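Engineer: Curious how this folds, go ahead:
(one chain, ligands or ions: 2)
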Amino acid sequence: MVNTIPELYREYRKRLEKVDLIEKQLLDTDNQAEWTRLLLHKSEVVRSFYQETEKELNSLINPILYSEKPLDDETARQLYECAYDYFNNVICDDVLESQMFVRLWKHYRDCGDEFHERSCRCAFSNNAFLNVEGNLRKMALDQVEWVAAYVEKIDYLRRLHKGDRVAFFKDVKRVLETLHSQYEMERSQFEPNVNRMIDCFNRLSKIRKYRGYFSEEEWEQIEKPLNEVGTDVMFMAALNWNSVDKQLKEFIGPAYPIGFIDQTKLPVEQRDTKVYVGYIVYAFYSGLLKPEQTFTLLRSYSRSIVKEYDFNDPNWHEQPADSRFAMMTTTTKPMFEMIDAFSCDSAKKKRMKAELLYEVKTYIETIPRECACKEYLDQSLYHLLYDLIAFIDDDAMAIEFIDSMIISRQMATLIHTVMTAKLSEAILDRLVDAHPEMFLTVMGTDDPAYVTAHKKALMTLMYNSARCHDIGKILIANIINTQIRRLSDMEYSYIKFHPKWSYEILMRNRLLRPYAEIALGHHRSYDGKRGYPKYFDNRASKYNILIDLLTVCDCMDAATDVFGRNYMRGKRFESVIAEFHKGAGTQYNPDIIAFLESDKELYREIEELTSEQGRAKLYYHIYRQYR
Ligand SMILES: [Fe+2]
Ligand SMILES: [Fe+2]
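Structural biologist: Numbering: from 1, shown residues only. Ligands and ions are numbered 1, 2, ... in the order given. This next block holds a predicted model:
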């Protein structure tokens, strides 16, 4: 029995580790019967953890988060200590923790405890930046504006701490950390605005004026991250050289070769990757190197790096930037850009891209599958996917790449997308034969015979869309993988972005573009009145009928899944159909539902696919294939 907030945290963490352990056993087990037993065991364990955690959160945390009642000092202290200690260790619910910090800063503000108030506002923004969009991000940005002012109020902070040097230094460091996070947030945009990043860096650098206030050791601690941001901003400017402001170009351009020459004097393993690679890329964009030369330099450097990332290290994101993982996420995009700029024929380009992609895929497959809660990993992989998908000019290859990304973080999502694709394929196969007229708009014709004649293309469109529809979830894997408690409201609001993210990814590639709108609409209701994203009108879409079908299959898989979903046991097939029947005309397309109910053979086929045995078979197959 858990009685205090720190105990709750400890217990919660242990539970997550236990689930990870079973997941690892699943990946290591070959015997199918034993494997199925383990899978069931896993869902039982997850379910019971869910109930316990839920009870504990309801008694210890939720009353604090959701009530207006003032906090007592001891509760605030416990909450503060846990939220602070654990958010660096990624207990995988950053959004929940963000909520705690909001609650806490209001508490400290009301108490007039300025230091703790500032510290919680800082922690809130640091936490929220990397993980949220929409209102929460806006709120985090507001806090930064509030915090940033203190970089120039160092004298005030000194007076406030009345000679307590430790507290003063801590306070300043947190202010700087927040500005650093703002930089990281700008950097994490899919199309980073490098001029804004330079602004952030300049703002952070204002602390240099107050060098004299700090001891030698304190200054070292301040200067190190400052220099790191400096190097990074140069690197990012090189990668995005064409969008750097003209004046800034003139100002920072001359610094590149100097850093580069210094680096070449060092042995490879001692080089600073960002300085070294930054120059190479800069040299290409400013016309000093040809694409072939740039490619060769990048290639040989990235191949010379053999250091492995330890994904199991809790502080893994602090590992050095010259590991293979960091190398892959930073140099692959420029390498693809170079291939595109080559003067060779397109067949050779295609071959080179396939080779490069294969290397990336192979590396991604080495990421331990059971590392469930790693937000930095989610970020890096999503960016990698976003960047690279644009260069792939073969749709089978693109989908294969998407698959490897999904499985690296969420085996369950891959299984879900395969199941959804199988269901939609089964229904569509019969629906086209019986009612070709339903597909006139999507096929752009007035003639039902045309639809029948092009059934294969339609099936491929549907199947591939279903396979890609949830790729946006990779950005929130750390939330979704948290299966042992109810999602908080903020987390849920964040999850609602996933169709938009899927859409953005798919739109990046010419061949995947037709699937983008179908993915975007898959959480909208048939009548267009409910679901998300609100701005998307599924009924006006050319793909409306396929969106409706995907919605049905998506819900069907979720509702009947006895293994994957935590909060409810998979429902019986008839009751799922009864729910569809009830929602026909509002939530679901009534024609599709009526067809499902009338075609007995189809009904049985789907019942079989979604049954416990059918599902166990699919789970086993996918685990074997991708472990
Ligand atoms: Fe979804
Ligand atoms: Fe889905």
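
Engineer: Just the buried residues of the helix or strand Leu38 falls within, please?
Structural biologist: Secondary structure from DSSP states H and E places Leu38 in helix 32-56. Residues 35-36, 38-39, 42-43, 45-47, 49-50, 52-54, 56 are the ones in helix 32-56 that count as buried (16 or more other Cβ atoms under 10 Å). (Each C-beta comes from the backbone N, C-alpha and C, glycine too.)

Engineer: Can you tell me the closest non-neighbouring residue to the residue in the stretch 251-400 of the chain positioned nearest to ligand 2?
Structural biologist: Distances between the stretch 251-400 of the chain and ligand 2 by Cβ to the ion are smallest at Ile399, namely 15.7 Å. With Cβ to Cβ, 6 or more residues apart in numbering as the criterion, Ile399 has its nearest non-adjacent residue at 5.8 Å, and that residue is Arg467.

Engineer: Burial check on the one you found, number of neighbours?
Structural biologist: 20 (other Cβ atoms under 10 Å).

Engineer: list the helices and strands the helix or strand hosting it packs on?
Structural biologist: Assignment of secondary structure by DSSP H and E places Arg467 within helix 455-468. Applying 3 or more Cβ pairs under 8 Å, 6 or more residues apart in numbering; DSSP states H and E, we find helix 455-468 packed against helix 395-409, helix 411-434, helix 440-443, helix 498-507, helix 513-521, helix 544-560.

Engineer: Could you list every helix and strand in contact with the second one?
Structural biologist: Right, the one you point to is helix 411-434. helix 395-409, helix 448-453, helix 455-468, helix 477-480, helix 544-560, helix 590-598, helix 600-610, helix 612-626.

Engineer: So is that helix next to ligand 2?
Structural biologist: No: Helix 411-434 is not in contact with ligand 2 by Cβ under 5 Å from the ion; minimum separation 5.7 Å.

Engineer: Counting neighbours, which bits of that helix end up buried?
Structural biologist: 411-424, 426-428, 431-432.

Engineer: How about stretch 572-590?
Structural biologist: Phe573, Val576, Ile577, Glu579, Phe580, Gly583, Ala584, Gln587, Tyr588, Asn589.

Engineer: and if you look at stretch 619-627?
Structural biologist: Tyr619, Tyr620, Ile622, Tyr623, Tyr626.

Engineer: Over to stretch 211-225?
Structural biologist: Tyr213, Phe214, Trp219, Ile222.

Engineer: So which of those sit within helices?
Structural biologist: Trp219, Ile222 (DSSP state H).

Engineer: got TSV for the buried residues of stretch 211-225, with distance to ligand 2 and pLDDT too?
Structural biologist: Listed next are the buried residues of stretch 211-225 as TSV, based on distance: Cβ to the ion, whole Å; pLDDT from 0 to 100:
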residue	distance to ligand 2	pLDDT
Tyr213	54	92
Phe214	52	93
Trp219	51	96
Ile222	46	94
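
Engineer: for the stretch 1-150 of the chain, what spans make up the helices?
Structural biologist: Using DSSP state H, counting those that start in this stretch, the helices of the stretch 1-150 of the chain run over 5-28, 32-56, 62-65, 73-88, 94-111, 114-129, 134-148.

Engineer: packing partners for the last one?
Structural biologist: The one in question is helix 134-148. With contacts taken as 3+ Cβ pairs under 8 Å, 6+ apart, helix 134-148 sits against helix 94-111, helix 114-129, helix 165-187, helix 489-495.

Engineer: Going along the chain from that helix, find the next helix or strand for me.
Structural biologist: Going down the chain from helix 134-148, the next helix or strand is helix 154-160, by DSSP H and E.

Engineer: Give me the helices and strands touching that next one, please.
Structural biologist: Secondary-structure packing of helix 154-160 (3+ Cβ pairs under 8 Å, 6+ apart): helix 165-187.

Engineer: Mind checking what helix or strand follows the helix it packs on in sequence?
Structural biologist: Downstream of helix 165-187, the first helix or strand assigned by DSSP H and E is helix 194-205.

Engineer: Just the buried positions in that following helix, please.
Structural biologist: For helix 194-205, burial by neighbour count (16+ other Cβ under 10 Å) applies to Val194, Met197, Ile198, Cys200, Phe201, Arg203, Leu204.

Engineer: and which of those is nearest Thr452?
Structural biologist: Val194 (52.4 Å; Cβ to Cβ).

Engineer: give me every residue that touches that closest one.
Structural biologist: The contact partners of Val194, taken as Cβ atoms under 8 Å, 6 or more residues apart in numbering, are Val233, Met236, Ala237, Asn240, Ser243, Val244.

Engineer: rerun that using 10 Å as the cut-off
Structural biologist: For Val194, the contacting residues are 186-187, 233, 236-245, 248, by Cβ atoms under 10 Å, 6 or more residues apart in numbering.

Engineer: isn't Asp429 right up against Met459?
Structural biologist: Yes: between Asp429 and Met459 there is a contact under Cβ atoms under 10 Å: 6.8 Å.

Engineer: Then Ile392 would be within a strand, right?
Structural biologist: No: secondary structure of Ile392 (DSSP: H, G, I helix; E, B strand; the rest coil): coil, not part of a strand.

Engineer: Report the contact partners of it.
Structural biologist: Counting by Cβ under 10 Å, 6+ apart, Ile392 makes contact with 336, 350, 353-354, 357, 398-402, 508-512.

Engineer: I'd like to know which of those residues are buried.
Structural biologist: So, by 16+ other Cβ under 10 Å, the buried ones in those are Phe336, Lys353, Leu357, Ala398, Ile399, Phe401, Ile402, Arg508, Asn509, Leu511, Leu512.

Engineer: quick one: contacts for Lys249?
Structural biologist: Contacts of Lys249 (Cβ under 10 Å, 6+ apart): Ala237, Trp241, Asn242, Tyr282, Tyr285, Ser286.

Engineer: run the last query once more with 8 Å
Structural biologist: Lys249 neighbours (Cβ under 8 Å, 6+ apart): Trp241.

Engineer: As PDB, could you dump the C-alpha coordinates of the helix or strand that contains it?
Structural biologist: Element membership for Lys249 (DSSP H and E) is helix 246-252. The C-alpha trace of helix 246-252 is given here as PDB (Å, rounded to 0.1, in the frame of the first residue of the first chain):
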ATOM      1  CA  LYS A 246      22.200  37.900 -44.900                       C
ATOM      2  CA  GLN A 247      23.900  39.900 -42.100                       C
ATOM      3  CA  LEU A 248      24.300  36.900 -39.900                       C
ATOM      4  CA  LYS A 249      25.800  35.000 -42.800                       C
ATOM      5  CA  GLU A 250      28.500  37.600 -43.100                       C
ATOM      6  CA  PHE A 251      29.100  37.600 -39.400                       C
ATOM      7  CA  ILE A 252      29.300  33.800 -38.800                       C
END
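
Engineer: What's the first helix or strand after it?
Structural biologist: helix 255-264.

Engineer: circling back to that earlier point, quick one: contacts for the residue of the stretch 251-400 of the chain closest to ligand 2?
Structural biologist: Asn464, Arg467, Cys468, Leu512.

Engineer: Please tabulate those residues in a markdown table, including the columns distance to Ile480 and pLDDT.
Structural biologist: Converted to a markdown table, those look like this (distance: Cβ to Cβ, whole Å; pLDDT from 0 to 100):
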| residue | distance to Ile480 | pLDDT |
| --- | --- | --- |
| Asn464 | 22 | 95 |
| Arg467 | 18 | 94 |
| Cys468 | 17 | 94 |
| Leu512 | 22 | 95 |
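
Engineer: Tell me which two in the residues you listed are the farthest apart.
Structural biologist: Arg467 and Leu512 (10.3 Å).
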